[in-house]
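[1] got a structure for you, letters missing:
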């Protein structure tokens with residue numbers, strides 16, 4: 001078989017990159033489950049190839065914002081390696097798009113990133129209680145807004161007894177009072193609108209707690225994905 005000429009290789013790579021860029025245009029601001037980005041491909045825009053995949057999110061407990069994703073893959077020059085959300089060009093159906101593997105940084109490259117990594121904060125699995133000390137359950141997932149990677153809601157799984165009657169609760173970030181090493185404290189019923197049990201049908205109907213209920217212009221509408 002004849003080897004493809006260098007110029008043909010360049011043309012093919014350019015077509016692949018153009019095709020990748022065209023797919024990127026699907027991206028809009030969405031509310032999605034955080035678990036959707038588990039093991040998500042990280043794609044390079046320059047080469048059109050897969051550079052890595054996400055392994056876990058680094059969440060800042062002070063503002064419940066995802067700062068970076070730890071990534072894994074055979075092409076990484078450093079381990080552990082991270083992709084800062086500030087370096088993500090787009091999020092599309094094919095994965096997270098970055099310019100090149102230069103955007104993947106090591107643990108010691110960014111001081112604030114190292115501090116957050118050493119904190120070892122894991123949101124999923126944390127206990128949730130109200131301010132009166134009543135146990136509500138544990139975080140099983142969360143909803144984030146893809147434009148700023150800010151966590152908007154917590155999906156809380158009830159205990160075994162309560163879980164028989166309903167599947168869980170959605171807690172808006174505005175209801176959160178405190179996050180400490182052991183648990184998340186939220187406003188008690190009566191001091192806030194009571195969190196509604198989540199049925200299988202309503203589980204997919206995510207609501208942005210900060211969105212103005214009045215109609216918004218089409219250009220700023222926020223779509224929901226699941």
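    Alright, I've got the coordinates. Remember, predicted model here, so these are calculated numbers, not experimental data.
[2] helix/strand/coil for residue 113?
    Classification of residue 113 using DSSP: H, G, I helix; E, B strand; the rest coil returns helix.
[3] Would you confirm that it contacts residue 67?
    Yes - shown here, residue 113 and residue 67 form a contact pair, counting by Cβ atoms under 8 Å, at 6.8 Å. Quick note: C-beta positions are derived from backbone N, CA and C, even for glycine.
[4] residues shared between the contacts of those two?
    Shared contacts of residue 113 and residue 67, defined by Cβ atoms under 8 Å, 6 or more residues apart in numbering, comprise 58, 84.
[5] Just to be sure, residue 36 is in a strand?
    No - per three-state DSSP, residue 36 lies outside any strand segment and is helix.
[6] how close does it sit to residue 147?
    To residue 147, residue 36 is 15 Å away according to Cβ to Cβ, to the nearest Å.
[7] Those two - which one has more neighbours?
    Using other Cβ atoms under 10 Å, the more surrounded residue of residue 36 and residue 147 is residue 36, with 16 against 12.
[8] quick one: pLDDT of that one?
    Residue 36 carries a pLDDT value of 94.
[9] do the same with residue 159
    pLDDT, residue 159: 77.
[10] Stretch 178-188: which residues count as buried?
    The neighbour-count check on stretch 178-188 (16 or more other Cβ atoms under 10 Å) flags 179, 183, 184, 185, 186, 187, 188 as buried.
[11] To clarify, my last question referred to stretch 104-117.
    So, applying 16+ other Cβ under 10 Å, buried residues of stretch 104-117: 104, 105, 110, 113, 116, 117.
[12] So for it, mean pLDDT?
    Stretch 104-117 shows a mean pLDDT of 93.
[13] what about it, start to end distance?
    In stretch 104-117, first residue to last residue: 15 Å (Cα to Cα, to the nearest Å).
[14] Contacts for that stretch next, please.
    For stretch 104-117, contacts defined as Cβ under 8 Å, 6+ apart pick out 42, 51-52, 58, 60, 67-68, 70-71, 76, 78, 80-84, 98.
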